[in-house]
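1. have a look at this prediction, sequence included:
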Amino acid sequence: MTEPRSFLTGIFHAALSSVSAEKTLPPHLPQAPKGRTLVLGAGKAAAAMAKTTEAHWRGKIGGLVVTRYKHELPTQKIEVMQSGHPMPDDNGEKAARRMLKLAGGLGAEDLLLCLMSGGASALLSCPAEGLSMNDLRAVNKSLLSCGAPIDEMNCVRKHLSAISGGRLARAAGKAKIVTLIISDVPGDDPAVVGSGPTVADPTTLENAKAVIRKYALSVPKAVSAHLEKAASESVKPGDACLARAENILIARPQDALEAAAAYARQHGITPVILGHRIEGEAREVAKAMAGIAFQVAEHGQPALAPCVLLSGGETTVTLKGSGRGGRNAEFLLALAIAAQGHARISGIACDTDGIDGSEDNAGAIFLADTLARAKTAGLKPADHLANNDAYGFFEKLGDLIVTGPTRTNVNDFRAVVIT
């Protein structure tokens with residue numbers, strides 16, 4: 001095989017390429033309707049999805065999508081707005097309210113083409129009646145730091161929103177709705193991706209309150225009051241507004257793992273896909289991954305070396321320190337510590353959107369000599385991990401992976417290679 005650094009960066013980029021909007025979206029575009037086609041969308045991939053739609057659509061088209069700052073692309077017919085992520089801002093509310101108004105003008109012969117990808121929950125924040133953006137920001141901040149998985153976070157978000165949880169579909173009336181989805185969530189549930197603006201929500205107000213109790217979240221009084229009102233419930237399966245709605249997954253975390261597996265085979269390395277739904281505290285997942293790597297190195301199980309362990313999903317980080325570092329860098333630092341400088345184990349962990357948490361890196365890479373180089377540089381890995389400062393650790397070693405915005409998002413990608 002090629003040397004580990006080159007192989008690991010190569011396998012990550014192979015995974016990214018397989019789930020780009022340019023590759024995955026065109027085959028799923030619907031036929032043009034008799035009436036108008038309105039494109040609405042949100043997420044980190046929204047600009048790329050809009051640009052690709054424009055390039056392949058036959059007929060008139062227009063609309064609006066919202067994406068994260070610095071994730072925009074030039075378009076001609078579909079307007080691209082930018083808003084805050086992971087913390088929502090006023091631009092997100094403006095975009096959401098404009099979308100609700102545009103959808104409200106559709107008729108039975110019109111098509112609402114909705115382009116959804118991860119990140120839309122924050123980017124398309126629109127407070128329900130009686131709530132403010134400050135209320136949403138407060139709840140969002142608590143959810144991001146408590147260690148809750150994405151489905152629980154979005155359960156709460158949907159019940160505080162004027163557009164999520166199927167409410168955009170309700171605004172579209174009798175129009176046909178086709179939603180094309182790039183999934184970033186374990187299990188690929190369309191109702192969870194971006195909090196499902198055009199998808200029925202099976203969760204309830206009681207579920208949302210249970211999440212708040214589970215993590216002992218302190219929420220504004222207005223939020224507590226809102227969750228006690230029956231009128232705050234989201235759109236449920238079987239609702240008439242969803243009778244003409246279709247949801248199509250065009251890219252999934254599993255697709256990225258399968259592309260990575262193909263890349264590994266091309267390089268003479270056996271791929272072992274461990275799963276695309278791996279969740280839990282990043283450092284605990286890392287310990288488990290290290291255990292599997294040791295089993296390969298020492299006993300040739302579940303595969304003989306050289307092999308690569310591939311996984312996806314969304315780990316979480318319960319913040320206790322004051323350092324910098326997203327969940328992928330934290331996972332990798334914990335993995336490096338657990339691997340104990342083993343000469344045959346190395347790895348990469350990156351967020352496929354190019355942004356690990358709120359930092360400017362996609363993730364990081366660790367090699368067999370990482371701990372030795374850290375010692376020479378005077379770094380103490382355990383101290384950095386305790387302070388949630390994996391970014392600082394890998395930055396000082398020159399081992400951050402920086403891609404810039406990828407304009408796709410199928411969640412985390414992890415590869416651990418055993419030579």
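-> Here it is on my side, so go on.
2. helix/strand/coil for the residue nearest to K236 when sequence neighbours are not counted?
-> Nearest in space to K236, with sequence neighbours left out and distances taken as C-beta to C-beta, 6 or more residues apart in numbering, is A200 at 5.9 Å. The C-beta positions use only the backbone N, C-alpha and C, and glycine is treated the same way. Under DSSP: H, G, I helix; E, B strand; the rest coil, A200 falls in the coil class.
3. what about A200, distance to I61?
-> 26 Å (C-beta to C-beta, to the nearest Å).
4. strands of the stretch 251-400 of the chain, start to end?
-> Listed in chain order, the strands of the stretch 251-400 of the chain (DSSP state E, counting those that start in this stretch) span 270-275, 280-281, 307-313, 315-316, 345-351, 363-366, 400-401.
5. among those strands, which is nearest P74?
-> Nearest to P74 among the strands of the stretch 251-400 of the chain is strand 345-351; the distance by C-beta to C-beta comes to 24.7 Å.
6. packing partners of the closest one?
-> Applying 3 or more C-beta pairs under 8 Å, 6 or more residues apart in numbering; DSSP states H and E, one finds that strand 345-351 contacts helix 4-18, helix 282-299, helix 327-339, strand 363-366, strand 412-418.
7. tell me the most buried of the ones you listed?
-> strand 363-366 (a mean of 29; mean count of other C-beta atoms under 10 Å).
8. as CSV, could you dump the C-alpha coordinates of it?
-> These are the backbone C-alpha positions of strand 363-366, laid out as CSV (Å, rounded to 0.1, in the frame of the first residue of the first chain):
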residue,chain,number,x,y,z
GLY,A,363,-10.9,16.9,11.2
ALA,A,364,-7.4,15.5,11.7
ILE,A,365,-5.1,12.6,11.0
PHE,A,366,-2.9,10.5,13.3
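9. quickly run through the sheet partners of it, with directions.
-> strand 345-351 (antiparallel), strand 400-401 (antiparallel) (DSSP bridges).
10. quick one: average pLDDT of it?
-> Strand 363-366 carries an average pLDDT of 97.
11. just how off-centre is it within its chain?
-> Computed by C-alpha atoms, centre = their mean, to the nearest Å, the chain-centroid distance of strand 363-366 equals 18 Å.
12. so what touches it?
-> 5, 8-9, 326, 328-329, 332-333, 335-336, 339, 346-351, 356, 390, 394, 399-401, 412 (C-beta atoms under 8 Å, 6 or more residues apart in numbering).
13. go with 6 Å
-> 8, 328-329, 332, 336, 347-350, 356, 394, 399-401 (C-beta atoms under 6 Å, 6 or more residues apart in numbering).
14. of all those, the one with the weakest confidence?
-> Within the contacts of strand 363-366, the minimum per-residue pLDDT falls on D356 (94).
15. show me what contacts the closest residue to it other than its chain neighbours?
-> Leaving aside its sequence neighbours, D356 sits nearest to G326 (C-beta to C-beta, 6+ apart; 3.1 Å). The contact partners of G326, taken as C-beta under 6 Å, 6+ apart, are D356, G357, E359.
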